[in-house]
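Colleague: sequence plus the predicted model coming up.
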Amino acid sequence: MTSSSRPWASVVIPIKDERDNLTPLTERVIKVLSARAESRQAPFELVYIDDGSTDGSGELLDQLQHNYPMVRVLHFDRNYGQSSAFDAGFKHSTGDLVITLDGDLQNDPADIDRMLPLIQQFDLVCGWRKTRNDNLVRKLSSRIANKVRNAVTGDRVHDTGCSLKIFRRAVVEKLQLFTGMHRFFPALALMHGFTVTEIPVSHYPRAHGISKYGVGNRLFKSLYDLIAVRWMQQRCLRYRLRDQ
């Protein structure tokens, strides 16, 4: 029996054509969070954002929502991209903590247990895929993009491309997202004065479906978006009111 009706955690998961991964992913996330002590005091929720899927993912998500009371589903009318999906998930979630991860089962929901203690000290905890299970092209493009991004933004995070992250509610409420900005969550959080850390997490080979990202839409676009992020860092409003 829970003592609060507000979720202690919201898990936000963008979905684009991941039908074969949805049932095992849902079951694993529910298993991990149900075992937490926090779930004895308050509920948790899974917020799926169907980003214009055409493989039947939308219909299966509706079935999962029917089967599991903690599952909520948002359907886009077409594909808008991951930044839009995260933005919609943030705005429609209600948990004190917001946990993000991909829908491809390459993230391990069990790592959430290792990350949660750090959210007591930091505002944003980022997963770091220290050992990558991707092809050589994706590894190299991510490595180059991460090094250049780090040099420009100074966020000192090894792997911003890892979707497994835990945010305090105050962070997601402050973020103003544009297309491509999901790649810069740590830099944007630091820009607003929040604290950020990272922890190594597991990364598994993709078992079903195909990756939606390659060199063209990951490396080159993220480098282009750096210009916008750098401009925001230099123009961000930072002020405090003195005690009245």
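Modeller: Yep, that arrived. Numbers count the residues shown, from 1 in each chain.

Colleague: ok, which stretches of this structure are strands?
Modeller: Here the chain has its strands, by DSSP state E, at 9-15, 44-50, 71-75, 97-100, 124-128, 165-168, 196-200.

Colleague: export these as JSON lines, with columns for mean pLDDT, distance to residue 231 and mean neighbour count.
Modeller: Where C-beta positions appear, they are placed from N, C-alpha and C, glycine not excepted. Below are these laid out as JSON lines (pLDDT from 0 to 100; distance: least, Cβ to Cβ, whole Å; neighbours: other Cβ atoms under 10 Å):
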{"stretch": "strand 9-15", "mean pLDDT": "98", "distance to residue 231": "26", "mean neighbour count": "26"}
{"stretch": "strand 44-50", "mean pLDDT": "98", "distance to residue 231": "28", "mean neighbour count": "25"}
{"stretch": "strand 71-75", "mean pLDDT": "98", "distance to residue 231": "30", "mean neighbour count": "18"}
{"stretch": "strand 97-100", "mean pLDDT": "98", "distance to residue 231": "25", "mean neighbour count": "26"}
{"stretch": "strand 124-128", "mean pLDDT": "96", "distance to residue 231": "21", "mean neighbour count": "24"}
{"stretch": "strand 165-168", "mean pLDDT": "98", "distance to residue 231": "23", "mean neighbour count": "24"}
{"stretch": "strand 196-200", "mean pLDDT": "96", "distance to residue 231": "20", "mean neighbour count": "18"}
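
Colleague: and residue 178, which of these is closest to it?
Modeller: strand 9-15 (15.9 Å; Cβ to Cβ).

Colleague: so which elements touch that closest one?
Modeller: helix 19-34, strand 44-50, helix 82-92, strand 97-100 (3 or more Cβ pairs under 8 Å, 6 or more residues apart in numbering; DSSP states H and E).

Colleague: dump the ones you listed to TSV, plus distance to residue 240.
Modeller: Below are these laid out as TSV (distance: least, Cβ to Cβ, whole Å):
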stretch	distance to residue 240
helix 19-34	36
strand 44-50	33
helix 82-92	25
strand 97-100	25
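
Colleague: wait, which of these is closest to residue 5?
Modeller: The nearest among the helices and strands packed on strand 9-15, by Cβ to Cβ, is strand 44-50 at 11.3 Å.

Colleague: got the angle for the closest one vs helix 82-92?
Modeller: Angular relation of strand 44-50 and helix 82-92 on a 0 to 180 degree scale: 140 degrees, by axes from the mean of the first three to the mean of the last three Cα atoms, to 10 degrees.

Colleague: who are the packing partners of strand 44-50?
Modeller: By 3+ Cβ pairs under 8 Å, 6+ apart, strand 44-50 packs against strand 9-15, helix 19-34, helix 57-67, strand 71-75, helix 82-92.

Colleague: need the contact partners of the first one.
Modeller: Residues outside strand 9-15 that contact it (Cβ atoms under 8 Å, 6 or more residues apart in numbering): 22, 25, 29, 33, 38, 44-51, 53, 57, 61, 82, 85-86, 89-90, 93-103.

Colleague: so residue 101 is in contact with residue 164, correct?
Modeller: Yes. Using Cβ atoms under 8 Å, residue 101 is in contact with residue 164, at 4.7 Å.
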